[in-house]
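Novice: got a sequence here, can you build the structure:
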Amino acid sequence: MSSAVATPGQAPSPSAPHAHPALIVLTIGAIGVVFGDIGTSPLYAFREALGQSGKDGIDASEILGVLSLALWSLILVVTVKYVVFLMRADNQGEGGVLALTALARRALGKRSMVAIVLGAAGASLFYGDAIITPALSVLSAVEGLRTLPGVGQGISEQSILLLTIVILVGLFLIQARGTARVSALFGPVCLVWFVVIGGIGLWHIADEPSILRVFSPHYGVMFLVTHGVTGLFVLGAVFLTVTGAEALTADMGHFGRAPIRLGWFFLVFPALCLNYLGQGAFALATLEAAQASGGKFANQDWFFLMAPERFRPWLVGLSLAATVIASQAVITGAYSLTQQAIQLGLLPRLRIRQTSARHAGQIYLPAINWLLLAGVLVLVVQFRSSTAMAAAYGIAVTGTMVVTTCLAYIVARHRWNWRRPVAIAVIAPFFLLDLIFFGANILRVIEGGWVPLVVAAAIGLLIYTWVRGRGIVRAFEERQSVPLSDLAAALAKRPPERVEGTAVFLTANPHSAPGALLHNLKHNKVLHERNLVVSIRTTDRPVAADEDRVKLERVDDNFVIVMLTYGFMETPDVPADLGFQAAAAKKVLNPAKTSYFIGRNTLKPSAKEGMPLWQDHLFMFLQRNASDPTDFLKIPPGKVLELGEQVMV
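Specialist: The predicted structure is shown next:
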């Protein structure tokens with residue numbers, strides 16, 4: 001990548017040297033990562049929407065109506081709402097539901113609980129999307145084998161499922177090794193994908209140029225008016241065309257606003273429109289041929305069938321590559337979202353591994369990886385076809401979009417200081433559109449829409465339990481705390497035994513004496529030569545500024561308070577930021593003579609106080625399985641002492 005790009009979230013300036021080559025490189029990268037999910041929607045979206053309308057047969061008006069709804073969904077939801085409006089709401093270049101939550105929290109101040117609840121809901125719904133996207137996209141691509149001439153009819157459902165499972169297991173297995181090498185191919189492969197699907201669509205539009213009339217919203221509106229409840233089911237399926245729109249804002253920090261917008265307007269949006277128009281034109285031509293011959297018209301796999309037979313095997317192979325890339329983007333997004341949730345205190349610490357020495361954003365979370373794989377395999381085995389699984393897809397995405405719109409209103413009203421009438425006038429149409437799609441997808445709960453709701457509810461329960469449990473523990477620690485200044489004054493009058501070296505006490509409240517310090521004085525009756533009371537803060541910005549990283553406050557000759565500040569997308573490195581590497585040469589802070597003290601309380605369930613008993617056990621399970629703080633904070637494990645007491649939760 002060109003050195004003209006200063007930071008991951010900063011789009012290059014057009015006037016900067018070599019800006020245009022850098023912008024092209026970033027745009028190709030964005031095409032591979034940002035648009036993978038929405039770019040593979042043509043595999044199933046039009047087919048599923050048309051299938052919902054054709055319970056009693058399909059006529060030309062229904063083909064035109066479904067196609068018009070699909071195109072206007074792309075225009076209104078993706079282009080107007082996300083590309084034009086929501087991409088303005090960035091947090092130092094970062095986007096996505098949790099970055100928007102951080103902006104809303106900062107804007108609301110003491111009333112930030114509303115933003116936290118919305119952010120937790122949006123994050124919970126995302127995990128439902130994260131298990132459905134790989135399952136649905138890869139399965140729909142493998143099903144394309146059935147359209148191959150001569151061999152398609154002999155491929156059984158079991159063979160389709162087995163091949164899908166093999167591909168998905170392989171995809172999740174390689175995550176531990178990182179994707180730095182293969183990710184360089186994502187952009188070029190997806191570039192070819194969009195050119196190919198746009199070209200195939202254009203070829204069929206030439207056979208039926210009248211299909212362009214569906215750009216008139218009249219066809220979509222009349223379809224909804226004349227089809228009643230069926231129209232709502234179709235609208236729920238039409239929403240499949242815009243799944244993946246959240247990635248446009250979520251990946252802003254990696255590529256910048258300009259490359260994503262360029263990729264959308266100059267390649268992705270035209271290619272998607274051409275392909276959907278081509279599928280519609282092909283369906284119309286097939287319908288006319290069936291009527292002319294007196295045969296029966298049936299909904300088919302339009303995406304693959306409109307490709308020439310000799311070209312179809314290559315299209316199936318290309319679609320498999322594109323769906324694997326789309327799945328990779330969602331998996332990586334789940335890792336990133338989890339890291340943000342941990343830093344914001346919504347989830348317990350999990351083991352995070354860097355998979356690239358050059359790119360800090362390339363991480364791997366083993367626990368999330370295997371949980372996602374388990375969920376994906378359960379979906380594939382349970383639903384067995386992309387048509388059955390499609391009903392489960394829309395609810396998670398529409399729910400996240402409703403949350404995003406609510407957060408956008410808070411940011412516009414309280415962060416950008418828009419007057420209430422202006423904010424309502426701008427946001428209300430988006431909110432109404434989201435609610436219509438959400439309502440249409442809710443109708444499909446019984447068909448499979450319950451899956452992402454159950455996943456979201458489970459994640460939401462974990463978040464609520466963790467946040468509430470941590471609050472109870474924090475309140476207990478505050479009740480037991482002693483002001484650090486009072487302790488320092490008492491020790492100055494009656495000095496304890498002193499030992500050589502430096503003690504680092506990690507605590508949430510640096511102005512209160514850490515519990516580990518009090519226990520060390522009580523039981524060991526010693527005090528180190530130098531004592532650093534270290535508190536780690538996570539800001540509502542993605543990356544903390546260098547000048548804000550370390551703040552020192554001297555209490556007396558014995559104690560120094562150190563505030564380490566990190567952004568919600570950063571991984572803490574306590575020894576490095578305390579300056580041990582630089583200070584070792586001066587023998588001021590010697591790593592070999594430093595001990596880290598961490599408070600580790602023993603949790604005890606109580607039916608009479610705190611949370612309900614079942615929630616106590618859930619919180620204790622989360623606490624036990626949380627990553628060791630020494631690993632999370634990059635502290636040498638041989639230098640740690642853990643001290644604490646029992647806490648009733």
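Novice: show me the residue at the heart of the chain, geometrically.
Specialist: Nearest to the geometric centre of the chain sits residue 333, at 4.1 Å (CA atoms, centre = their mean).
Novice: what helix or strand is that residue on?
Specialist: For residue 333, the enclosing helix or strand under DSSP states H and E is helix 312-343.
Novice: check the offset of that helix from the chain's centre.
Specialist: Averaging C-alpha positions (CA atoms, centre = their mean, to the nearest Å) puts helix 312-343 11 Å from its chain's average.
Novice: C-terminal to it, what's the next element?
Specialist: Remark: after helix 312-343, the chain's next helix or strand is strand 353-354, criterion DSSP H and E.
Novice: which residues does that next one contact?
Specialist: 176, 360, 362, 363, 364, 365, 366, 571 (CB atoms under 8 Å, 6 or more residues apart in numbering). Backbone N, C-alpha and C define where each C-beta goes, glycine included.
Novice: kindly recompute the last result at 10 Å.
Specialist: With CB atoms under 10 Å, 6 or more residues apart in numbering as the test, strand 353-354 has contacts from 175-176, 178, 335, 360-366, 571, 631.
Novice: among those, show me the least confident.
Specialist: Lowest pLDDT within these is found at residue 360 (54).
Novice: can you pull the buried residues of stretch 267-286?
Specialist: By neighbour count with 16 or more other CB atoms under 10 Å, stretch 267-286 contains the buried residues 267-269, 271-284, 286.
Novice: now do stretch 316-323
Specialist: Buried residues in stretch 316-323, counted by 16+ other CB under 10 Å: 316, 318, 319, 320, 321, 322, 323.
Novice: for the third one, which non-adjacent residue is closest in space?
Specialist: Closest residue in space to residue 319, ignoring its immediate chain neighbours: residue 141 at 4.2 Å, by CB to CB, 6 or more residues apart in numbering.
Novice: surely the one you found is in contact with residue 167?
Specialist: Yes - using CB atoms under 10 Å, residue 141 is in contact with residue 167, at 8.8 Å.
Novice: what's the overlap in contacts for those two?
Specialist: Listed as contacting both residue 141 and residue 167 by CB under 10 Å, 6+ apart are 320, 323, 324.
Novice: now those in CSV, with pLDDT?
Specialist: Converted to CSV, those look like this (pLDDT from 0 to 100):
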residue, pLDDT
320, 94
323, 93
324, 92
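Novice: nearest to residue 436, of those?
Specialist: Nearest to residue 436 out of the shared contacts of residue 141 and residue 167 is residue 323 (CB to CB; 28.3 Å).
Novice: contacting residues around the closest residue to that closest one other than its chain neighbours?
Specialist: Closest residue in space to residue 323, ignoring its immediate chain neighbours: residue 137 at 3.9 Å, by CB to CB, 6+ apart. Applying CB under 10 Å, 6+ apart to residue 137 gives the contacts 36-37, 39-41, 43-44, 243-244, 319-320, 322-327, 330, 386, 389, 393.
Novice: distance check, residue 501 against residue 591.
Specialist: 10 Å (CB to CB, to the nearest Å).
Novice: actually residue 126, not the one I typed
Specialist: Separation of residue 126 from residue 591 (CB to CB): 40 Å.
Novice: same check, this time on residue 246
Specialist: Noted for residue 246: a distance of 43 Å to residue 591, by CB to CB.
Novice: I'd like the next helix or strand past the top strand by length along the chain.
Specialist: In the chain, assigned by DSSP state E, the strand with the most residues is strand 526-538. Next along the chain after strand 526-538, taking DSSP H and E as the criterion, comes strand 550-554.
Novice: that following strand pairs with which strands, parallel or anti?
Specialist: Within its sheet, strand 550-554 is paired with strand 559-566 (antiparallel), according to DSSP bridges.
Novice: mind checking how far stretch 247-265 is from the chain centre?
Specialist: 15 Å.
Novice: can you check stretch 603-611 too?
Specialist: Distance, centroid of stretch 603-611 to centroid of chain: 34 Å (CA atoms, centre = their mean).
Novice: buried sites along the helix or strand where the residue nearest to residue 323 lies?
Specialist: Following DSSP H and E, one finds residue 137 within helix 113-142. Of all the residues in helix 113-142, those buried under the rule 16+ other CB under 10 Å are 115-116, 118-142.
Novice: returning to what we had before: which of residue 246 and residue 591 has more neighbours?
Specialist: For residue 246 versus residue 591, the count of surrounding residues by other CB atoms under 10 Å is larger for residue 246: 25 against 14.
Novice: what ranges does the stretch 351-500 of the chain have for its helices?
Specialist: For the stretch 351-500 of the chain, applying DSSP state H, counting those that start in this stretch gives helices covering 366-383, 386-390, 394-410, 420-442, 450-480, 484-493.
Novice: can I get the shortest one as CSV, trimmed to CA atoms?
Specialist: What follows is helix 386-390 as a C-alpha-only set of coordinates in CSV (Å, rounded to 0.1, in the frame of the first residue of the first chain):
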residue,chain,number,x,y,z
SER,A,386,-30.3,-21.6,0.8
THR,A,387,-34.0,-21.1,0.2
ALA,A,388,-34.9,-22.4,3.6
MET,A,389,-32.1,-20.4,5.2
ALA,A,390,-33.0,-17.1,3.5
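Novice: next one: it to chain centre, how far?
Specialist: 22 Å.
Novice: what does the pLDDT read for the closest residue to residue 464 other than its chain neighbours?
Specialist: In this structure, residue 464 finds its nearest non-sequential neighbour in residue 120, 7.5 Å apart by CB to CB, 6+ apart. At residue 120, the predicted lDDT confidence score is 88.
Novice: got a list of what residue 120 touches?
Specialist: For residue 120, the contact set (CB under 10 Å, 6+ apart) comprises 97-98, 101, 341, 344, 346-347, 403, 456, 459-460, 462-464, 467.
Novice: what about the stretch 51-200 of the chain, any weak spots by pLDDT?
Specialist: Residue ranges of the stretch 51-200 of the chain with pLDDT under 70: 54-55, 110, 152, 179-182.
Novice: what ranges does it have for its helices?
Specialist: Remark: helices assigned in the stretch 51-200 of the chain by DSSP H, counting those that start in this stretch are 60-73, 97-108, 113-142, 157-173, 183-207.
Novice: and the shortest one with helix 113-142, angle?
Specialist: An angle of 170 degrees separates the directions of helix 97-108 and helix 113-142 when computed by axes from the mean of the first three to the mean of the last three CA atoms, to 10 degrees.
Novice: please look at residue 50 and residue 300 and confirm they touch.
Specialist: Yes - counting by CB under 10 Å, residue 50 touches residue 300, with 9.3 Å between them.
Novice: need the next SSE after the lowest-mean-pLDDT helix or strand in the chain, C-terminal direction.
Specialist: Using mean pLDDT, DSSP states H and E, the weakest-scoring helix or strand in the chain turns out to be helix 580-584, at a mean of 47. Downstream of helix 580-584, the next assigned helix or strand under DSSP H and E is strand 594-599.
Novice: and whichever helix or strand comes after that following strand, which strands flank it?
Specialist: Sequence order places strand 602-604 as the next helix or strand after strand 594-599, per DSSP H and E. The pairing partners recorded for strand 602-604 under DSSP bridges are strand 646-648 (parallel).
Novice: and the partner strand, what's its mean pLDDT?
Specialist: On average, strand 646-648 scores 69.
Novice: now do stretch 370-379
Specialist: For stretch 370-379, the per-residue pLDDT values average out at 93.
Novice: also stretch 276-295?
Specialist: Stretch 276-295 carries an average pLDDT of 91.
Novice: just give me the neighbour total for residue 154.
Specialist: With other CB under 10 Å as criterion, residue 154 counts 10.
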